[in-house]
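**Q** below are the sequence and a predicted model; questions follow.
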Amino acid sequence: MNRTGRVLLVLALVAVVGMAFRVSWNALRDVARAIGADTTAAWLYPFVVDGLMALALVAALVLTGDARKFALRVLASYTLASLVLNYVHGLVPDLHAESIGWSRLAEGDWTNWALVLLATSLPVGSIYFGSDLVAKVLHHRPPVDPTEPKSAQTNANQSMAELGEPVVEEATALPVPVPELEPVLAGPVGVRVPVAAAEVARPRRATGRVPVAARSARPVRSEAELLAEARSLTESWPVEKLTGEGIRKALHTSAAKARIVRETLKAERERDAAAVVS
């Protein structure tokens, strides 16, 4: 529906609601006079009942969850009460008179008392329920989207493995395979010509692992060698810079070994500092 159609629909709704309120206003005004309200109070009485219905409807459109159910219950209760009073106004001809004062809303005592209690309790209920609905609307906060990305926080004193980031472990050097040679054939001129077996290498499937031939040929260093190299590299580093990530990058080693070296270096510096103080 385009914008013009929506505007016309809203205007038609406002017109229908206005005419319906005018019809209900006449009945509720006469009922208010019958229960003892003066002219001004009787004129305002329909706004108290039907006005709270409009307020509850708006609150039901804004609120969610249990608060929305509460607003719908208030709307249903006051709609039913307004319907009962309009029905009583149609059944009692005396309420239609212009100069009516105090009158009965029903012939039976118990029925009359119940109707008078209903009519007199509606203004008090409007104060209570109206205030509660306005407070709920003012304190309403839209729900937070659980799929909203959270801000990333990093700890400078942790390595990549401790932060849950993938770390490529140090490759282990393995011998490179050498193609086999066929037996040497002696030519007529005494030249030895080696002939390699010609094989067509089939394409390797992607298995997620680095091929042996492409791995680094760096020898595996022991923990003592790593610690000695780390002492030389981090001799001028302050204690705050001794992090697992920084040591891992400086030594080009794994995160697990970097954490061990980090803890060892920190312990040595604490021991040296304690020895100087004593």
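**A** Structure's in. What do you need?

**Q** torsion angles phi and psi at residue 73?
**A** Note on residue 73: backbone dihedrals following degrees, to the nearest 10 are phi -70, psi -40.

**Q** can you map out the strands along this structure?
**A** In the chain, the segments counted as strands under DSSP state E are 185-186, 192-193.

**Q** which of the ones you listed has the lowest mean pLDDT?
**A** Note on the strands of the chain: lowest mean pLDDT is at strand 185-186, with a mean of 50.

**Q** and residue 229, how far from residue 268?
**A** Residue 229 sits 14 Å away from residue 268 when distances are taken as C-beta to C-beta, to the nearest Å. C-beta here means a position set from N, CA and C on the backbone, and glycine is covered the same way.

**Q** so for these two, which residue has more residues nearby?
**A** Higher neighbour count among residue 229 and residue 268: residue 229, with 16 against 12, using other C-beta atoms under 10 Å.

**Q** who's in contact with that one?
**A** Neighbouring residues of residue 229 by C-beta atoms under 8 Å, 6 or more residues apart in numbering: 221, 251.

**Q** ok, 7 Å please
**A** Contacts for residue 229 were tallied using C-beta atoms under 7 Å, 6 or more residues apart in numbering; they are residue 251.

**Q** pLDDT value on it, please?
**A** Among the per-residue scores, residue 229 shows a pLDDT of 83.

**Q** ditto for the one 5 residues further on
**A** Per-residue confidence at residue 234 stands at 81 (pLDDT).

**Q** same question, residue 55
**A** Each residue has a pLDDT score; the one for residue 55 is 90.

**Q** distance of it relative to residue 32?
**A** As it turns out, when the distance is counted by C-beta to C-beta, residue 55 lies 19 Å from residue 32.

**Q** then residue 270?
**A** Separation of residue 270 from residue 32 (C-beta to C-beta) stands at 86 Å.

**Q** more crowded one of these two?
**A** Under the neighbour definition other C-beta under 10 Å, residue 270 and residue 32 were set side by side, and residue 32 has more, 25 against 11.

**Q** alright, that wraps it up for me.
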